[in-house]
Structure formats: C-alpha cells, structure tokens
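Q: After the sequence you'll find the predicted model.
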Amino acid sequence: MMQAPRLRRSVLYVPASNDKALAKLASLSCDAVVIDLEDAVAPGEKAAAREKLAKILGNRPAGVREIVVRVNALSSEWGADDLAAAIACRPDGILLPKVETPRDVLEAGDLLDEAGAPESLRLWAMVETPRGLMNLGAIAELGRDANPRLSCLVAGTNDLAAMTGVLATPDRRYLMPWLMQMVLAARAGGLDMLDGVSNDFRDLDAFAAECGHGAAMGFDGKTLIHPAQIAPAEAAFSPSPAALAEAERIVAAFALPENAGKGAIGLDGRMVELLHCVQAERLLAKAAMIAK
Ligand code: COA
Ligand code: MG
C-alpha cells in the first residue's frame, strides 16, 4: 500500500556537533532536516552532540516540516544512547545508518515500541553498504508490513562508493544502476526514496543538474549538506506548472459523468488510464502541500 504523499524534496543533514549549523536551523525552510549523530560527528564528540540535540529539539525550528535524527548503528558503542536520546527529543523520524537486513529495521522498531515511542515516530533507513543493497528488496518489503514505522529509504552514496570502490564521477554513471534499483525497491515497498548527497556545495549549476537527474529517475527528493542546496533541490523535485496543468486535466476528465467507472479514456488523442489519474491526484496533493 502506498503511504499518503509527503513533501521530502529537500532534506538537509545538520551535524549535531556543529553549533553554527544548528543555530542556522531557525532561519531555514526545507522539507526535512536530519540532525546527525553519526558520520558527521567525530567519536570524541558523540556525547556532547547528544546534549546539543536535546537542546535544539527543545525549541523546535518552525520552518522545517519534518525533523529526523540519524543515530549511530545500534550495534555500535553509541547506538543505544543515541536511540534513547533521540526518542526523548520526540522527533518525527529516526534514520538508521548502514541498514543491511530487515532485522536491523525490525529490531529498531521493537526498541521504539519498548520505549513507548508514539506510532507516528517513523523509521528511515540508509542504503549505503553492499550487503544492504543486496538485501534491499526484503528491507523495502517491510514498508508493506502491518507495522508501518518504516517510511523512507535514503541513498548513502559516499559510503557506497567507498565500500565498493566504484568511481564516483560527476555524472554518477557507475552508481546509476544501484540508484535505479533503490527507486524500484522503494516503490515495491510503498516507501519514499531520497537521493544521495552532492559533496560539492559551491557548484550549484552542477548540483541543479544532478537534482534534475534524480527527479527524472523517480526519487522523491534529495539529501543535502549545505543550505545553498535547498532552493535548487526544491525546484527540481516540485511539480512543474505544465505537469500540474496536465494533472488537473486528467483528474477533470475522469470526473466527467460519461467517464464514470472507466479504466481508460481518450484525452486529446492519447490514452489515459485510471492509474494516471491516481498519479495526478498525488501530484496535486503534493502541490497543495507546497502551497501551504
Ligand atoms: N546545516 C545548517 N547550516 C549549515 C550547514 C548545514 N548542513 N552547512 C553550512 N551551514 C551554515 C554555516 O554554519 C554558515 O552559517 P553562517 O551563515 O551563520 O556563518 C553558512 O551555512 C555558510 O556555510 P559555509 O561557510 O558555506 O560552509 P561551512 O564551511 O560552514 O560548512 C560543511 C561546510 C561541509 C562543513 C557543512 O556544510 C556541513 O557540515 N554539512 C553537513 C555535513 C554532514 O552532515 N555530513 C553527513 C551526511 S553526508
Ligand atoms: Mg554513511
């Protein structure tokens, strides 16, 4: 079952150890932030980062729709403390790094249940290891489960490139098959799928092009490392005026009395199916959320 549409076009990582970046949150408007306790925080800073997390979430930044905390792997020495700190802060989601098997997600879900975390607390999962990628179908399948905490998959392209030895070229040609596989798995599980980060935060033209490719590949949005990347990501992952006009025409056509109950109709010389109408309705729902 597909989950209700959400806006996850621009998802900014903010290191929980970086005071200046945390202070910036109050002035940012992106669809989501991931406050990071993992890769962006050095081992010696983990405990201090948890304290900063509690402080920043005690005064929730108003311009951000969803706040997610990335914890260290639950198998690591920091995982349990991170998870407890994250739950106590009442974020909207917890992002699990280096997820390799469905069990990794199920165990985290059990811990959330045991801690009495509300059902609305979602789990997000990083796809960033060869093993995680090989098991991705089974991981994504959890999205169809009756216990629906898993909501979103996130491509971890830096880890994946490092762990596989694949050459990370600007056009991402060698990563592309794996990225497409991620989109496919996420769709099979009814989950959102976020594209990986672009490390070069000064070349915004190249970044805009990469966002365009990500949108064309079917990603729901992009993970970001710098505030300058928010606007180009939102431009690329928002429906264009032409797409919206087309969606409105499709919905209007299916609403005509003569088309009631039909699975396929003709519209301006083209076949349009009921599935296109469902897709159009989701697009319009997203546009309505953007307008708010
Ligand atoms: N979130 C919030 N604010 C950020 C930010 C982020 N990810 N990255 C930069 N900023 C802020 C800076 O603090 C600075 O604030 P100021 O206007 O108050 O001075 C402003 O944006 C401009 O930053 P800039 O000077 O261009 O970059 P920087 O050298 O301060 O930071 C990085 C560069 C790469 C260190 C920083 O962007 C970063 O840490 N990104 C996230 C890294 C991360 O989380 N990685 C793990 C996931 S891949
Ligand atoms: Mg990583």
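A: Okay, I see it. Ligands and ions are numbered 1, 2, ... in the order given.

Q: Residue 133 and residue 159 touch, don't they?
A: No - with contact taken as Cβ atoms under 8 Å, residue 133 and residue 159 are classed as non-touching, separated by 10.7 Å. The C-beta positions use only the backbone N, C-alpha and C, and glycine is treated the same way.

Q: Please see if stretch 29-36 touches ligand 2.
A: No - using Cβ under 5 Å from the ion, stretch 29-36 never reaches ligand 2; the gap is at least 9.3 Å.

Q: List of residues touching that stretch?
A: When contacts are taken as Cβ atoms under 8 Å, 6 or more residues apart in numbering, the neighbours of stretch 29-36 outside the stretch itself are 7-16, 22, 25, 53, 56-57, 61, 63-70, 91-93, 95, 124, 221, 223-224, 227, 230, 234.

Q: Among these, name the buried ones.
A: Neighbour-count burial (16 or more other Cβ atoms under 10 Å) applied to the contacts of stretch 29-36 gives 7-16, 22, 25, 53, 56-57, 61, 64-70, 91-93, 95, 124, 221, 223-224, 227, 230, 234.

Q: Among the residues you listed, which are located in strands?
A: Secondary structure of the buried ones among the contacts of stretch 29-36 is defined by DSSP state E; positions in strands are 10-15, 66-70, 93, 95, 124, 221, 223-224.

Q: Would you mind listing what in the stretch 51-200 of the chain touches ligand 1?
A: Residues of the stretch 51-200 of the chain found near ligand 1 (Cβ under 6 Å from any ligand atom) are residue 197.

Q: what ranges do the strands span in the stretch 51-200 of the chain?
A: When assigned using DSSP state E, counting those that start in this stretch, the strands of the stretch 51-200 of the chain occupy the ranges 66-70, 93-96, 122-127, 150-155, 192-195.

Q: Nearest approach to ligand 2 belongs to which of those?
A: Across the strands of the stretch 51-200 of the chain, ligand 2 has its closest neighbour in strand 122-127 (6.0 Å, Cβ to the ion).

Q: what stretches of the stretch 51-200 of the chain score poorly on pLDDT?
A: Per-residue confidence for the stretch 51-200 of the chain (pLDDT under 70) gives these ranges: 146-147.

Q: Tell me where it has helices.
A: Counting by DSSP state H, counting those that start in this stretch, the stretch 51-200 of the chain forms helices over residues 79-88, 102-114, 130-134, 136-141, 157-164, 176-188, given from the N-terminal end onward.
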